[in-house]
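Undergrad: build me a model:
(one chain, ligands or ions: 1)
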Amino acid sequence: MWDLDESTGAIVDKFMIGLKRRNPGENEFHQAVYEVAGSVMPYILDHKQYRDAYILERMTEPDRVISFRVCWEDDKGHIRANRGYRVQFNNAIGPYKGGLRFHPSVNLSILKFLGFEQTFKNSLTTLPMGGGKGGSDFNPKGKSSREVMRFCQSFMATLYNHIGAKRDVPAGDIGVGGREIGYLFGQYKRLANEFTGVLTGKGLSYGGSLIRPEATGYGCVYFANEMMKHKGEDISGKVCVVSGSGNVAQFTVEKLLHLGAKPVSMSDSGGSIYDENGITEEKLAFIKDLKNNRRGRIKEYADKYGCQYLEGQRPWGIKCDAAFPCATQNEICGDDAQTLVNNGCRMVSEGANMPTDMPGVNVFMKAQILYAPSKAANAGGVATSGLEMTQNATALPWTREEVDQKLLGIMKNIHGQCVKYGESGSGVDYVKGANVAGFVKVADAMLAHGAV
Ligand code: GLU
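TA: As a prediction, the model looks like this:
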């Protein structure tokens with residue numbers, strides 16, 4: 001039990017010592033928990049029911065971690081082995097829900113941080129979804145579609161035992177898009193001999209939802225616009241720096257264009273493009289074809305449109321009004337954040353999961369810019385997965401407009417929850433707002449369920 005005479009900071013530090021001892025070497029997981037603990041600890045200390053129930057210790061321990069070998073055969077006939085995972089983090093408010101990531105960097109720390117974040121994010125959507133995450137260290141880059149298919153089939157041959165429409169509903173994340181979801185769904189259907197909404201992000205012809213591909217990027221921009229509107233402004237005319245060039249980045253740029261903003265950059269692991277004239281709808285169509293069909297490098301954009309290519313660099317040195325990190329975790333460090341602020345950036349809306357490291361977050365907080373953490377800003381993706389689950393359960397698909405309106409409504413609602421728990425005299429602390437709002441719903445459900 002905590003000593004309530006100690007300062008909140010000292011209590012958080014003690015809590016973190018225990019967490020690190022129980023989860024050695026899992027730096028990304030430590031980082032995600034630390035950010036949440038800093039925000040929710042004062043709230044917990046003020047509420048005896050949470051203190052007495054040992055709630056934060058319980059919430060930071062995943063319900064279950066599944067790890068398995070995935071064997072598959074490559075095109076040369078060689079047998080390959082990867083590691084697969086599913087972290088079922090918390091199902092207090094609904095079935096486990098969260099994406100699968102295929103990337104060589106995938107390890108338990110990364111999936112635990114993602115599963116933990118997902119629990120809070122899903123709570124914020126107001127839909128009945130618990131938190132989970134999974135994936136593999138399989139690298140899809142350079143693999144043929146047949147190799148990807150064989151990998152997905154083998155991965156699902158084990159994952160199949162642990163998921164289900166009412167148990168755990170995976171979706172995509174980095175390295176898992178429409179193609180992979182199709183192969184995973186096909187294998188699940190074959191093994192279960194059942195057609196159910198066991199995955200989201202499905203193709204339209206077999207139970208997918210309109211707007212799901214667009215949802216994370218669109219939602220991230222809707223959230224940014226809500227933050228600006230709360231201050232009496234809007235996003236139109238703003239120069240925006242976007243990182244990444246995958247699904248989230250593409251639809252972030254698309255929605256920025258719809259709302260009259262000026263996106264000037266995108267990036268991949270090779271470098272960034274800086275298009276001072278702005279990325280247009282036509283140029284975005286080129287990026288989509290390059291990345292989704294030809295699986296090429298973003299440098300081709302710079303060659304084709306004659307703009308700057310910043311080899312090996314992220315786009316944070318580019319002067320902008322707003323930044324949308326949409327690539328991956330820890331892509332903005334303290335120095336990057338300082339550069340953005342010094343160059344006049346006044347808003348950050350995170351499309352990727354935890355793209356800003358702790359020193360970076362501190363820079364944004366100190367500068368008092370509008371800073372939307374990923375669990376709020378990118379919740380539109382999983383929220384629309386929730387809408388896909390509802391459509392599957394009722395067998396009634398909605399129109400594009402209906403889904404988009406619901407998505408916008410959900411992002412406004414998340415913004416409202418952040419304001420409710422994060423507003424003070426000096427403005428809205430979106431980190432605190434998102435963490436406390438996400439926490440309360442899950443914590444109350446856990447209290448109601450007793451010590452399980
Ligand atoms: N991977 C996405 C996320 O980080 C979406 C998960 C889902 O739709 O289940 O929220």
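Undergrad: where do the strands sit along the stretch 101-250 of the chain?
TA: 131-136, 168-171, 239-243 (DSSP state E, counting those that start in this stretch).
Undergrad: what's the most buried one of these?
TA: Of all those, strand 131-136 has the most neighbours on average by mean count of other CB atoms under 10 Å, namely a mean of 30. (Each C-beta comes from the backbone N, C-alpha and C, glycine too.)
Undergrad: ok, that strand: who's next to it in the sheet?
TA: strand 79-90 (antiparallel), strand 96-102 (parallel) (DSSP bridges).
Undergrad: tell me the most buried of these?
TA: Buried most deeply of these, by mean count of other CB under 10 Å, is strand 96-102, with a mean of 28.
Undergrad: hang on, the earlier thing: so which of the strands of the stretch 101-250 of the chain comes closest to the ligand?
TA: Nearest to the ligand among these is strand 168-171 (3.4 Å), distances taken as CB to the nearest ligand atom.
Undergrad: which helices and strands does that closest one pack with?
TA: Where contact means 3 or more CB pairs under 8 Å, 6 or more residues apart in numbering; DSSP states H and E, strand 168-171 is packed against strand 79-90, strand 96-102, strand 131-136, helix 379-394.
Undergrad: pretty sure M411 contacts F223?
TA: Yes - using CB atoms under 8 Å, M411 makes contact with F223 at a distance of 5.1 Å.
Undergrad: now do the shared contacts for those two.
TA: Applying CB atoms under 8 Å, 6 or more residues apart in numbering, one finds that M411 and F223 are jointly contacted by G380.
Undergrad: run through the bridge partners of the residue of the chain at minimum distance from the ligand.
TA: Taking CB to the nearest ligand atom as the measure, the chain has G99 as its residue closest to the ligand, at 2.8 Å. The partner list for G99 in beta bridges (DSSP bridges) reads A171.
Undergrad: K231 and R83, how far apart?
TA: Using CB to CB, to the nearest Å, K231 is found at 46 Å from R83.
Undergrad: and for D3?
TA: From D3 to R83 the distance is 41 Å (CB to CB).
Undergrad: the lengthiest helix in the chain packs against which elements?
TA: Longest helix in the chain, counting residues (DSSP state H): helix 400-422. Contacts defined by 3+ CB pairs under 8 Å, 6+ apart place helix 400-422 against helix 212-230, helix 374-377, helix 379-394, strand 427-428, helix 430-449.
Undergrad: out of those, deepest packed?
TA: Highest mean neighbour count among the helices and strands packed on helix 400-422 (mean count of other CB under 10 Å): helix 374-377, a mean of 30.
Undergrad: which strands or helices does it pack on?
TA: By 3+ CB pairs under 8 Å, 6+ apart, helix 374-377 packs against helix 108-124, helix 212-230, helix 400-422, helix 430-449.
Undergrad: contact partners of it?
TA: Against helix 374-377 from outside (CB under 8 Å, 6+ apart): 117, 120-121, 124, 219-220, 223-224, 349-355, 414-415, 418, 430, 433-435, 438.
Undergrad: need the contact list for the closest residue in space to G186 that isn't next to it in sequence.
TA: In space, and not counting its chain neighbours, G186 is closest to Q153: 7.8 Å by CB to CB, 6 or more residues apart in numbering. By CB under 8 Å, 6+ apart, the contact set of Q153 is 72, 183, 186-187.
Undergrad: same check, this time on F364
TA: 337, 341, 348, 356, 371.
Undergrad: separation between it and A434?
TA: Taking CB to CB, one finds F364 at 14 Å from A434.
Undergrad: so which bits of the stretch 251-400 of the chain are right by the ligand?
TA: Applying CB under 6 Å from any ligand atom, we find that the stretch 251-400 of the chain lies next to the ligand at 353, 381-382, 385.
Undergrad: using a markdown table, lay out those residues together with pLDDT.
TA: Shown next, in a markdown table, are these (pLDDT from 0 to 100):
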| residue | pLDDT |
| --- | --- |
| N353 | 98 |
| G381 | 98 |
| V382 | 98 |
| S385 | 98 |
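Undergrad: which one of those residues sits closest to E214?
TA: G381 (9.3 Å; CB to CB).
Undergrad: do I have it right that the closest one meets Y222?
TA: No - judged on CB under 8 Å, G381 makes no contact with Y222 at a distance of 12.0 Å.
Undergrad: from the centroid of this protein, which residue is nearest?
TA: What sits nearest the mean C-alpha location of the chain, by CA atoms, centre = their mean, is N353, with 4.0 Å.
Undergrad: so that residue, which state does it fall into?
TA: State at N353, reduced to three classes by DSSP: H, G, I helix; E, B strand; the rest coil: coil.
Undergrad: leaving out sequence neighbours, find the closest residue to it.
TA: S374 is the one closest to N353 (CB to CB, 6+ apart), at 4.9 Å.
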